[in-house]
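>>> Pasting the sequence and the predicted coordinates here, then a few questions.
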4 protein chains.
Amino acid sequence: MSTSRIEAFSDGVFAIAITLLVLEIHVPEQPENGLGRALLDQWPSYASYVVSFFVIGIIWINHHAVFDHLVRVDRTLLFLNLLLLLCIGVLPWPTNVLGTYMQEGGADERVAAVLYTGAMTLMGIAFGALWTYATRHRDLLGETLSDEEIRTRTRRFTVGTPVYGLAMLIALVSAPACLVVNALLAVYYALPAGGAIPHRRV
Amino acid sequence: MSTSRIEAFSDGVFAIAITLLVLEIHVPEQPENGLGRALLDQWPSYASYVVSFFVIGIIWINHHAVFDHLVRVDRTLLFLNLLLLLCIGVLPWPTNVLGTYMQEGGADERVAAVLYTGAMTLMGIAFGALWTYATRHRDLLGETLSDEEIRTRTRRFTVGTPVYGLAMLIALVSAPACLVVNALLAVYYALPAGGAIPHRRV
Amino acid sequence: MSTSRIEAFSDGVFAIAITLLVLEIHVPEQPENGLGRALLDQWPSYASYVVSFFVIGIIWINHHAVFDHLVRVDRTLLFLNLLLLLCIGVLPWPTNVLGTYMQEGGADERVAAVLYTGAMTLMGIAFGALWTYATRHRDLLGETLSDEEIRTRTRRFTVGTPVYGLAMLIALVSAPACLVVNALLAVYYALPAGGAIPHRRV
Amino acid sequence: MSTSRIEAFSDGVFAIAITLLVLEIHVPEQPENGLGRALLDQWPSYASYVVSFFVIGIIWINHHAVFDHLVRVDRTLLFLNLLLLLCIGVLPWPTNVLGTYMQEGGADERVAAVLYTGAMTLMGIAFGALWTYATRHRDLLGETLSDEEIRTRTRRFTVGTPVYGLAMLIALVSAPACLVVNALLAVYYALPAGGAIPHRRV
């Protein structure tokens, strides 16, 4: 199977998951204090929508930054990619849970934040597994990435993972703070410096 | 990242958002006065569906009219595009809110109209930001657009924006009138005269 | 705008609408007489799903049979195509209404059948408008279709339209009979003889 | 119609169906014993999500393994493909039914398992029909597959089908056991040995 075909299918899943996120923003039903108030009370849905939207968008960019260098795809990579897509495809659900329960508050809010961070962590692990497998099989990755560049990117992914662990701890204390950490992680992965998307490529 | 890849991903989000709009048209549940009556009472859902459908369709056309001239995409443009897609992807939600609350009437109907116009305004701003950034970086935009043509298009976008402000004021008075203004704005952006899509290209 | 880009976008809308149809098949909630019975009682949902699925699939085939001959797209054709996509994109809704109310029976069932046939008729009209406009502007359609072939296809579309009128009358009497007529119309448009897809092309 | 166009449309349906699966994982509503408990109780939804996700992913891989060899598509193949897509597009529904009723338990759980296995069996039959038709018309399939390879693949598909019959029997006894058998069938179709995707192609 050609890499372009897998990329097209992956792009489809990314585009659908990112657009399905909107289904988590609800139409208020019979608001007692008026629609305006009910819409304002829904702010956690908007916040989690925006964070998840940019997370999926950035993973999509980084996904291409890996696939652009692939010259070949073997069966293992095909299934690692399917695993990553599973993690992407499921994201509208924890986003919905977090948006819903941050409106409720209390202990459930923090459970929702743990779920959300857990989903993000799994996605990070799936992406890391795809990256690690590709870099350890240079016949798949081709010659367009230098060893130096591979090390830089790998370091970057390694730094991000423990922060997800930290986000998990913060989730146990405060859901909004946890969402902020997830947003900052998205910003970190989006930043160019030494990052997943080298300047000269984008 | 090549412009064709970003276009394909953007097209996916446009196509999904435009098709998800249908989820805002509800199946009447246990209508007291018969299904026919209940279906007629839902007319605001149909009206907002049609307006949002053509708005997304026209933005899609104008999006291509910009990307056709791009020779390169940098990181900033990538994120401005992601911001525009976020505004497109969210549209089914205010469309749903407007369609639902125009059936209720009262003050909530006007709040829904403000939300709807606000979403359209944000989308207009995101599109304008993309356009402005592209025109200020001629190394991105290439040489296929003359300065004259760029000025014509920019003027066109500039004229549209204050009308969104007017639509917002009208939303405070009448939701149906506000929907009509949004429809007229869509027609304005769709018209060819000096417009976003020059005759010779389409 | 190139015809291939419009085709890709249209294909996206076709693929999403055809897949969203599944949302009209519900998960029975707390069935009193067991899940098996509740699943059997839902047969109208399955029937309307299958009919709508093949209708969208066949229109997709015929859409390509038109666009394969187009060499150019003008602004009017662009909007006629958007109108057709609007009719395609809305189909999951009447399919849902018909599937739901054929389980209820009574007068509402026939209202649902009228709505369903009306949606199909509108789609037929939108497709006919696209076809007629394309054939009247030979600079758009190119030279690959002979006048004889155009006449054959036009005759075919002309024969189908009054049958939709007949289906509407039948809808007033019996919803299941109306669904059967819609299914037969789909079969008619799918048949090869002198049809929209000449043998040598597929 | 070119094979690449049918592949692109099919890929769209596969990508949308696989992503719509997420809608079957619900946001718990007003959980009495806390959100954490409610999320754990939903484990059947996660299990059926993962199984259906990989089934669709593997069928997508095998679909390409067939279409890569097709040089031409005739009308019958077009409709056999549409039939397969119908079976793929409907999968989110039995997945939802199984995920929901495995939380209820009892007789309904086994009915749901029968429905799920039935949907998988139909999909297997539709894929088998597509494969058989293609192999019996060597003018469609081209010369890139040897008779030996065709026999190997056909044997493989033939072995799988009676196992679906066995899965159906197991569904009558235990829903979780039936889901495990469906997962094992997915693994079987994914395994390389003499399989649908020869080593040298992927």
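Good, I have the coordinates.
>>> Enumerate every residue touching the residue nearest the centre of chain A.
Most central in chain A under C-alpha atoms, centre = their mean is A:Val55, positioned 4.2 Å from the mean C-alpha point. For A:Val55, the residues meeting the contact criterion (C-beta atoms under 8 Å, 6 or more residues apart in numbering or on different chains) are A:Leu91, A:Met120, A:Met123, A:Asn182, A:Ala186. Backbone N, C-alpha and C define where each C-beta goes, glycine included.
>>> Buried residues, the host helix or strand of A:Ile58. List them.
A:Ile58 is part of helix A:43-67 when elements are defined by DSSP states H and E. Residues A:44-67 are the ones in helix A:43-67 that count as buried (16 or more other C-beta atoms under 10 Å in any protein chain shown).
>>> Could you count how many residues lie near A:Leu83?
21 (other C-beta atoms under 10 Å in any protein chain shown).
>>> Ok, A:Leu80 next?
Count around A:Leu80 with other C-beta under 10 Å applied: 20.
>>> isn't it right up against A:Leu130?
Yes - if you go by C-beta atoms under 8 Å, A:Leu80 and A:Leu130 touch, sitting 4.6 Å apart.
>>> Those residues of chain A touching chain D, which are they?
When proximity is defined as C-beta under 8 Å from any C-beta of the partner chain, chain A approaches chain D at A:1, A:5, A:8-9, A:12-13, A:16-17, A:20, A:23, A:73-75, A:78-79, A:82, A:85-86, A:89-93, A:96-97, A:100-101, A:107-108, A:111-112, A:115.
>>> sorry, back to before: and the residue nearest to the centre of chain A, how close does it get to A:Tyr164?
12 Å (C-beta to C-beta, to the nearest Å).
>>> what's the answer for A:Arg5, then?
To A:Tyr164, A:Arg5 is 31 Å away according to C-beta to C-beta.
>>> same question, A:Val73
Using C-beta to C-beta, A:Val73 is found at 27 Å from A:Tyr164.
>>> and what of A:Tyr46?
The gap separating A:Tyr46 from A:Tyr164 is 23 Å, by C-beta to C-beta.
>>> Over to A:Tyr49?
In terms of C-beta to C-beta, A:Tyr49 sits 20 Å off from A:Tyr164.
>>> How about the contacts made by A:His137?
Residues near A:His137 by C-beta under 8 Å, 6+ apart: A:Asp74, A:Leu77.
>>> Can you give me the pLDDT of it?
pLDDT for A:His137: 88.
>>> what does A:His63 give?
Model confidence at A:His63, given as pLDDT, is 92.
>>> So it sits against A:Ser10, correct?
Yes - with contacts counted by C-beta under 8 Å, A:His63 reaches A:Ser10, the gap being 6.4 Å.
>>> after the longest helix along chain A, next one along is what?
In chain A, taking DSSP state H as the definition, the longest helix is helix A:106-136. Sequence order places helix A:138-141 as the next helix or strand after helix A:106-136, per DSSP H and E.
>>> Going by proximity to chain C, name the top residue of chain A.
A:Ile16 (8.1 Å; C-beta to the nearest C-beta).
>>> can you pull the contacts of the nearest residue to that residue once chain neighbours are set aside?
In this structure, A:Ile16 finds its nearest non-sequential neighbour in D:Thr19, 4.0 Å apart by C-beta to C-beta, 6 or more residues apart in numbering or on different chains. Listed by C-beta under 8 Å, 6+ apart, the contact set of D:Thr19 reads A:Gly12, A:Val13, A:Ile16, A:Ala17, A:Leu20, A:Gly89.
>>> now the last one, what's its secondary structure?
When you say that, I think you mean A:Gly89. Following DSSP: H, G, I helix; E, B strand; the rest coil, A:Gly89 is assigned to helix.
>>> okay, now it: neighbour count?
Using other C-beta under 10 Å, A:Gly89 has 22 other residues around it.
>>> ok so, going back, the residue nearest to A:Ile16: helix or strand, and which one exactly?
Since the elements are taken from DSSP H and E, D:Thr19 ends up inside helix D:3-20.
>>> Check which residues of the helix or strand following that helix are buried.
Going down the chain from helix D:3-20, the next helix or strand is helix D:35-41, by DSSP H and E. Residues of helix D:35-41 classed as buried: D:Leu35, D:Gly36, D:Ala38, D:Leu39 (neighbour count, 16+ other C-beta under 10 Å).
>>> and for stretch A:91-109, what are the contacting residues?
For stretch A:91-109, contacts defined as C-beta under 8 Å, 6+ apart pick out A:17, A:20-21, A:23-25, A:41-42, A:44-49, A:52, A:55-56, A:111-113, A:115-116, A:118-119, A:123, A:175-176, A:179, D:22, D:25, D:27-28, D:31, D:34-36, D:39.
>>> repeat that with 7 Å
For stretch A:91-109, the surrounding residues in contact (C-beta atoms under 7 Å, 6 or more residues apart in numbering or on different chains) are A:17, A:20-21, A:23-24, A:41-42, A:44-45, A:48-49, A:52, A:56, A:112-113, A:115-116, A:119, A:175-176, D:22, D:25, D:27, D:34-35.
>>> First-to-last residue distance for it?
17 Å (C-alpha to C-alpha, to the nearest Å).
>>> ditto for stretch A:14-33
38 Å.
>>> Quick check: the residue nearest to A:Ile125 when sequence neighbours are not counted vs A:Tyr188, distance?
Nearest non-adjacent residue to A:Ile125, counting by C-beta to C-beta, 6+ apart: A:Thr161, 7.5 Å away. The gap separating A:Thr161 from A:Tyr188 is 12 Å, by C-beta to C-beta.
>>> Which one's more surrounded, these two?
Shown here are A:Thr161 and A:Tyr188; by other C-beta under 10 Å, A:Tyr188 has more neighbours (15 against 12).
>>> Helix or strand: which one has the more buried one?
Here A:Tyr188 is assigned to helix A:175-190, by DSSP H and E.
>>> before we move on, the earlier item: report the angle between the helix holding A:Ile58 and helix A:175-190.
Angle between the axes of helix A:43-67 and helix A:175-190 is 20 degrees (criterion: axes from the mean of the first three to the mean of the last three C-alpha atoms, to 10 degrees).
>>> Run the angle between helix A:43-67 and helix B:3-20 for me.
Using the same axes, to 10 degrees: helix A:43-67 against helix B:3-20 is 150 degrees.
>>> could you check the angle helix A:106-136 makes with helix A:43-67?
Helix A:43-67 runs at 10 degrees relative to helix A:106-136, counting by the same axes, to 10 degrees.
>>> And helix A:43-67, how far out from the chain middle?
Put simply, helix A:43-67 sits 5 Å off its chain's centre (C-alpha atoms, centre = their mean, to the nearest Å).
>>> Hmm, A:Ala8 is touching D:Phe14, no?
No - the pair A:Ala8 and D:Phe14 does not pass the contact test of C-beta atoms under 7 Å, sitting 10.9 Å apart.
>>> So if I had to pick from those two, which one is more boxed in?
Between A:Ala8 and D:Phe14, D:Phe14 has the larger neighbour count (other C-beta under 10 Å), namely 26 against 18.
>>> Who are the packing partners of the helix or strand containing A:Leu77?
Element membership of A:Leu77, judged by DSSP H and E, is helix A:75-90. Applying 3 or more C-beta pairs under 7 Å, 6 or more residues apart in numbering or on different chains; DSSP states H and E, one finds that helix A:75-90 makes contact with helix A:3-20, helix A:106-136, helix D:43-67.
>>> Now do the following helix or strand past that helix against helix A:106-136, angle only.
The helix or strand immediately downstream of helix A:75-90 is helix A:92-101, counting by DSSP H and E. If you take the same axes, to 10 degrees, helix A:92-101 sits at 160 degrees to helix A:106-136.
>>> Centre of the chain to helix A:92-101, how far?
Distance, centroid of helix A:92-101 to centroid of chain: 14 Å (C-alpha atoms, centre = their mean).
>>> Can you get me a residue count around the residue in chain A that chain B sits nearest to?
Chain B sits closest to A:Ala15 of chain A, with a gap of 3.3 Å, by C-beta to the nearest C-beta. The tally of other residues near A:Ala15 (other C-beta under 10 Å) stands at 28.
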